[in-house]
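# Structure, please.
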Amino acid sequence: MKHHVLIGLGFTLLASCHGTSETPQYGTGGGGSGSGSGGSTGAGLSGPAPIPFAVDDYYAPSGYMGDGESPGALADAPSCPTRAGDERGACHEIIWKPGAKGWAGIYWQYPDGNWGTEKGYEISPGATQISFWAWGEKGSEKVNFFSGINPPDGFKAETGDITLTTTPTRYLIKLGSATYGTVVGAFGWSSGTSDGKSPVKFYVDDIQWQKGDPGGPGCTGKTAINYDPSATTDDGSCQYAVTFQVDMSAVALAPADVVTLQSTFNQWCGDCNPLSDPGKTGIWAVTLPLAPGSYEYKYTTNGWSGQAEDVPLACDVTGGAQHNRGFTLGPDPMTLAVKWSTCPP
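Below is the predicted model:
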């Protein structure tokens, strides 16, 4: 079976995408309370964005990804049935109609549609977090929120998957020690959770770059890659480094073949999580940040266009239905070392 990636699970952005005819224009300029109807974001601005500032006043939600690249599949309207927080910038009503790729997302960019080929907007120093409010039409919508395109911004910070409720709730993207200057992608979201048929609707409001709250919620897991030593309560955002390692020495590979990882966490995406074997030892590996939980996975070559390993029944967590491996990640880093089509000893 073929599925597609949930952007934000890797350490770097792996796609260059574009907006569609559904892309609205936002921003009033000048860091005030934007209405979302002032033409192209960034028009008439001068000087660095001050801290705090509303993201919609400087950046446009123009970087449509996944299903959003297909006209009509993703809409972001600057209107909500209610507002939240300080009501700065626009309130976004987002409707995603699941399509062939099985995931969708949007980056707020400067200038519109910039994936790093142009200079971003300069942001004043001192910000340590991005505050925003989000809620779902039905609740249970799972969305990952993030900031920074790496490269060109030199950092990427994210919340990990958040399960939304129907109540407007404030969330934080902790920037930590991230160094920034001119920023291309100030905010974004991605989601790969749907039933594949029904539209997903949720709302995002009052997106602001800010100086950090004293203490407050964050990742308190000391071995997590996004550990926040200033956090006083855990917000469930911790992610841990998982190293996937597969011995391919018994498999005939062509020089151009690439081993790829398929999993429930990347929506069985094809070629979005390639492994590498820089030492030409036959041991291929990749390290990814994941939230604690249970996952299925398997290895293929060249996405789904090459070979797929036949996981033995003894270690197939689907009972022979899909021939998938499985693992449960706790609050610690993990290494999974196996041989192709073989159970661990």
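# What pLDDT is listed against the closest residue to residue 128 other than its chain neighbours?
Once flanking residues are discounted, residue 128 sits nearest to residue 212: 3.6 Å by Cβ to Cβ, 6 or more residues apart in numbering. Every residue, glycine included, has its C-beta placed from N, CA and C. We have a pLDDT of 77 for residue 212.
# Can you give the distance of stretch 223-233 from its chain's centre?
In terms of Cα atoms, centre = their mean, to the nearest Å, the centre of stretch 223-233 is found 19 Å from the chain centre.
# That one - what's its average pLDDT?
83.
# So what touches it?
157-158, 160, 174, 176, 212, 214-221, 237-241, 289, 331-333 (Cβ atoms under 8 Å, 6 or more residues apart in numbering).
# how about 7 Å then?
174, 176, 212, 215-221, 237-241, 289, 332-333 (Cβ atoms under 7 Å, 6 or more residues apart in numbering).
# Need the CA coordinates for it. PDB is fine.
These are the backbone C-alpha positions of stretch 223-233, laid out as PDB (Å, rounded to 0.1, in the frame of the first residue of the first chain):
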ATOM      1  CA  THR A 223      16.800  13.200  26.600                       C
ATOM      2  CA  ALA A 224      14.400  14.700  24.100                       C
ATOM      3  CA  ILE A 225      15.800  16.600  21.100                       C
ATOM      4  CA  ASN A 226      13.500  19.500  22.000                       C
ATOM      5  CA  TYR A 227      14.100  19.500  25.800                       C
ATOM      6  CA  ASP A 228      13.200  22.900  27.200                       C
ATOM      7  CA  PRO A 229      15.000  23.500  30.500                       C
ATOM      8  CA  SER A 230      12.900  26.500  31.300                       C
ATOM      9  CA  ALA A 231       9.600  24.500  31.100                       C
ATOM     10  CA  THR A 232       7.700  24.000  34.300                       C
ATOM     11  CA  THR A 233       5.000  21.700  32.900                       C
END
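# how about it: buried residues?
224, 225, 226, 227, 228, 231 (16 or more other Cβ atoms under 10 Å).
# Let's see the ChimeraX selection covering just the buried ones among the contacts of stretch 223-233.
In ChimeraX, this line selects whichever of those come out buried by 16+ other Cβ under 10 Å:
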select :174,176,212,217,218,219,220,221,237,238,239,240,241,289,333
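# and residue 311, what is it in contact with?
Residue 311 touches 298, 323, 324, 325, 341, counting by Cβ under 7 Å, 6+ apart.
# coming back round to it: for the buried residues of stretch 223-233, give me a markdown table that also has secondary structure and distance to residue 305.
Output for the buried residues of stretch 223-233, formatted as a markdown table (DSSP: H, G, I helix; E, B strand; the rest coil; distance: Cβ to Cβ, whole Å):
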| residue | secondary structure | distance to residue 305 |
| --- | --- | --- |
| 224 | coil | 35 |
| 225 | coil | 31 |
| 226 | coil | 34 |
| 227 | coil | 38 |
| 228 | coil | 41 |
| 231 | coil | 43 |
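# which of those sit farthest apart?
225 and 231 (14.2 Å; Cβ to Cβ).
# So residue 92 sits against residue 203, correct?
Yes - Residue 92 is within contact range of residue 203, at 6.5 Å (criterion: Cβ atoms under 7 Å).
# Please identify which of these two sits among more neighbours.
Applying other Cβ atoms under 10 Å to residue 92 and residue 203 shows that residue 92 carries more neighbours, namely 26 against 23.
# helix, strand or coil for the closest residue to the more buried one other than its chain neighbours?
Ranked by Cβ to Cβ, 6+ apart and with sequence neighbours excluded, the top spatial neighbour of residue 92 is residue 204, at 4.6 Å. What DSSP: H, G, I helix; E, B strand; the rest coil gives for residue 204 is strand.
# show me the contacts for residue 165.
Contacts of residue 165 by Cβ under 7 Å, 6+ apart are 135, 136, 139.
# cool, and residue 316?
Counting by Cβ under 7 Å, 6+ apart, residue 316 has contacts 323, 324.
# same check, this time on residue 254
With Cβ under 7 Å, 6+ apart, residue 254 has no contacts at all.
# ok, now how distant is it from residue 231?
48 Å (Cβ to Cβ, to the nearest Å).
# Any regions of the stretch 151-300 of the chain where pLDDT drops low?
214-215 (pLDDT under 70).
# that older thread, which strand residues bridge the residue nearest to residue 92?
residue 92, residue 134 (DSSP bridges).
# Report the buried residues of stretch 141-155.
For stretch 141-155, by 16+ other Cβ under 10 Å, it's 141-150, 152-153, 155.
# what's the closest of the residues you listed to residue 85?
residue 145 (14.5 Å).
# contacting residues around residue 309?
Neighbours of residue 309 in contact, by Cβ under 7 Å, 6+ apart: 298, 299, 340, 341.
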